[in-house]
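Peer 1: fold the stuff below for me.
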Amino acid sequence: MIRKYREADIGQILDIWLAASIKAHSFVGSAFWESKVSEMRDVYIPASETFVFESEDQIAGFYSLYGDTLAAIFVSPSLQGKGIGAALIDDAKSRRECLQLTVYSENTPSIYFYKKHGFISLSKQIDEQTGHPELVMEYYC
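Peer 2: Take a look at the predicted model:
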């Protein structure tokens, strides 16, 4: 079930975000992601419209929208490949006419996932925080 984020969800969301970020972005290094947990908790999640995928009273994944930007979409690493990410991205697409996102160029599984769900590459840029190249992708209904 996908539902709107509640403040009580923050611990599970941060755990998923950190574990999935480290797994998907090993080229950045875990210390970087660990240093960003407080910003996620105190800045990014409160500023965004966040939805969670809940199953058996556990959060399996979440996504965050900031305007028309898909700012985050993460699934617990142990539950990836079971359709949760697809359900989350379909829900996000149902809430906006178009969506933009950025994804690291080195994160080929995520790029494939986004393309499979109708996103196209618009441009390339460098992430200011990590120095790694990323793609700007967009989805139109």
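
Peer 1: buried residues, stretch 54-65. List them.
Peer 2: 54, 59, 60, 61, 62, 63, 64, 65 (16 or more other Cβ atoms under 10 Å). For every residue, glycine as well, the C-beta is placed using N, CA and C.

Peer 1: return the subset of those residues lying in strands.
Peer 2: 54, 59, 60, 61, 62, 63, 64, 65 (DSSP state E).

Peer 1: ok, now which residue in the protein is the farthest from the centroid?
Peer 2: Note on the chain: the largest C-alpha distance from the chain mean falls to residue 56, namely 21.6 Å (Cα atoms, centre = their mean).

Peer 1: I'd like to know how far that residue sits from residue 4.
Peer 2: 19 Å (Cβ to Cβ, to the nearest Å).

Peer 1: and the residue nearest the centre of this structure?
Peer 2: Note: the chain centre (Cα atoms, centre = their mean) maps to residue 73, 2.0 Å.

Peer 1: name all residues that make contact with that one.
Peer 2: Contacts here follow Cβ atoms under 8 Å, 6 or more residues apart in numbering; on that basis residue 73 touches 61, 62, 63, 64, 85, 88, 89, 92, 101.

Peer 1: check the secondary structure at residue 10 for me.
Peer 2: Following DSSP: H, G, I helix; E, B strand; the rest coil, the label given to residue 10 is helix.

Peer 1: distance check, it against residue 97.
Peer 2: Residue 10 is 29 Å from residue 97, by Cβ to Cβ.

Peer 1: so between these two, which is more surrounded?
Peer 2: Neighbours were counted for residue 10 and for residue 97 using other Cβ atoms under 10 Å; residue 10 has more, 17 against 9.

Peer 1: check contacts around that one.
Peer 2: By Cβ under 8 Å, 6+ apart, the contact list for residue 10 reads 41, 45.

Peer 1: for it, give its distance to residue 41.
Peer 2: Residue 10 is 6 Å from residue 41, by Cβ to Cβ.

Peer 1: again with residue 110
Peer 2: Taking Cβ to Cβ, one finds residue 110 at 23 Å from residue 41.
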